[in-house]
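>>> The following comprises the amino acid sequence and a computationally predicted model.
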Amino acid sequence: MDPSQWIAIGIAVTLALLLVFAIRWVLKNKLAKAWRVADYVVARTRVSGYTAAAVVGANLALPERQDVPWSTYQVIEHAMQILMIGSLTALGISLAHAVTDMVLARLSVANGDADRKARRLQTQVRLLRRVITSIIVVLAIASILFTFDSVRALGAGLLASAGIIGIVAGVAAQSTLSNLFAGLQLAFSDALRIGDVVVVEGEWGRVEELSLVNVTIKIWDERRLVVPVANFTTTSFENWTKQGTAITAKVMLPLDWEVPIAELREEAGRLITSSSNWDGRSWSCQVVDVTQTGEVIVRVVATAADTGAQWDIACEIREHLIGWLVAHYPESLPRSRTEFVSGDDDASYATQFPTSAFRRREPNGVTGPPGGDPGES
């Protein structure tokens, strides 16, 4: 190329970069206060905007193929076309992310556990952003492929047999498509939202990310459980924040028959009603079962505003009542009782161990003397 052609390319690239700089300046300094998405557009297009401008400017200023004597100019021109498609794709993705960033920023301000609507919208926006990004990338790849003459010629044949190709592609991508539709179903049916507290595969955690393929759950010990999206539409799972964050804490205490239920209920009520983790709705202390090993099961329940308060008040009840029983009613703690009934072999046992504590009564019905076996110390 002669110098004038190089100068034309340089001028075109410079003008394109100046245009992008001017647009960014106007967005940041003039429109940011009136148009809230302007800040996000400026932040997201910091690299993609200038790159797309430079590549588009260079492509517009490229001379015609017949005006350049280089044998490799055709390859360079083709490469510039691919670069233009790629840079415009990156710019489109950046603009899509900028718009969704503004929506997500507004939702995150009120995105507490109790704001179910905000968390639902946040989940849907994130998922839609991934869908839009995937569509843009697929279209860009298709556009790049069709810049090759061999692929363009093949495309006519593929279109002619589109039915067969569609069937083959559908079978090959069955798993991917099922995850895609499962993700959309979860997001728009409000069955699962980002921030929901769930129990999956025996693990308690919070939904951290919902993508087109997987759901990432942050477990309470900071591990991440990655589960395929389709699993949430085919198997059952616990969602503790589906309708709200209110939840009930439950503490089960296996105790002895001598436990004073009235006093225990009074102490439990005093503790719960004075706790900052109780939401003031309800509480109870009841004997709910008797085990085969001779223990009574006392259940103490208290309502809480969210899962964090539920865990704290459950631990608080358990720790306090155990200490209170040990200090005031130690006979209420779980214990095993064993009773030996006198029989024909009792006389020989009494002769060998006359002071044994395991022999409750003498053959004549009189309680034996206290003590233990000769081996006890």
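Cool, got the structure. Numbers count the residues shown, from 1 in each chain.

>>> from what I can see residue 12 touches residue 58, true?
Yes. With contacts counted by C-beta atoms under 8 Å, residue 12 reaches residue 58, the gap being 6.6 Å. The way it works is simple: take the backbone N, C-alpha and C, and place the C-beta from them, glycine included.

>>> Please, where are all the strands along the stretch 201-350 of the chain?
Here the stretch 201-350 of the chain has its strands, by DSSP state E, counting those that start in this stretch, at 203-210, 214-219, 224-228, 238-239, 247-255, 283-290, 296-304.

>>> Going by contacts, tell me the helices and strands next to the fourth one.
What it means is strand 238-239. strand 197-200 (3 or more C-beta pairs under 8 Å, 6 or more residues apart in numbering; DSSP states H and E).

>>> ok, back up a step: let's have the strands of the stretch 201-350 of the chain in CSV, adding mean neighbour count, distance to residue 275 and mean pLDDT.
Below are the strands of the stretch 201-350 of the chain laid out as CSV (neighbours: other C-beta atoms under 10 Å; distance: least, C-beta to C-beta, whole Å; pLDDT from 0 to 100):
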stretch, mean neighbour count, distance to residue 275, mean pLDDT
strand 203-210, 18, 22, 88
strand 214-219, 19, 26, 90
strand 224-228, 15, 31, 90
strand 238-239, 14, 25, 88
strand 247-255, 18, 10, 94
strand 283-290, 15, 10, 94
strand 296-304, 20, 8, 95
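
>>> got CSV for those strands, with distance to residue 121 too?
Shown next, in CSV, are the strands of the stretch 201-350 of the chain (distance: least, C-beta to C-beta, whole Å):
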stretch, distance to residue 121
strand 203-210, 13
strand 214-219, 18
strand 224-228, 22
strand 238-239, 17
strand 247-255, 23
strand 283-290, 35
strand 296-304, 26
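
>>> Nearest to residue 72, out of these?
The closest of the strands of the stretch 201-350 of the chain to residue 72 is strand 214-219. By C-beta to C-beta, the value is 44.6 Å.

>>> elements contacting the closest one?
For strand 214-219, the packing partners by 3+ C-beta pairs under 8 Å, 6+ apart are strand 203-210, strand 224-228.

>>> okay if I get those strands as TSV plus distance to residue 87?
Output for the helices and strands packed on strand 214-219, formatted as TSV (distance: least, C-beta to C-beta, whole Å):
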stretch	distance to residue 87
strand 203-210	28
strand 224-228	33
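
>>> so which of those strands gets nearest residue 290?
When those are compared (using C-beta to C-beta), the closest one is strand 203-210, at 29.8 Å.

>>> For residue 332, which non-adjacent residue is spatially closest?
Distances taken as C-beta to C-beta, 6 or more residues apart in numbering put residue 259 closest to residue 332, at 3.7 Å, once the chain neighbours are dropped.

>>> Can you give the distance from stretch 326-334 to the centre of its chain?
42 Å (C-alpha atoms, centre = their mean, to the nearest Å).

>>> Could you list the buried residues of it?
Residues 329, 332 are the ones in stretch 326-334 that count as buried (16 or more other C-beta atoms under 10 Å).

>>> That stretch: end-to-end distance?
11 Å (C-alpha to C-alpha, to the nearest Å).

>>> now stretch 104-122
Counting by C-alpha to C-alpha, the terminal residues of stretch 104-122 are separated by 6 Å.

>>> Could you list the low-pLDDT ranges of this protein?
1-2, 65-71, 108-116, 150-180, 339-377 (pLDDT under 70).

>>> Show me the helices in it, by range?
Along the chain, the stretches classed as helices by DSSP state H are 3-26, 37-44, 48-61, 73-109, 116-145, 149-160, 162-172, 174-188, 231-234, 261-273, 307-328, 346-352.
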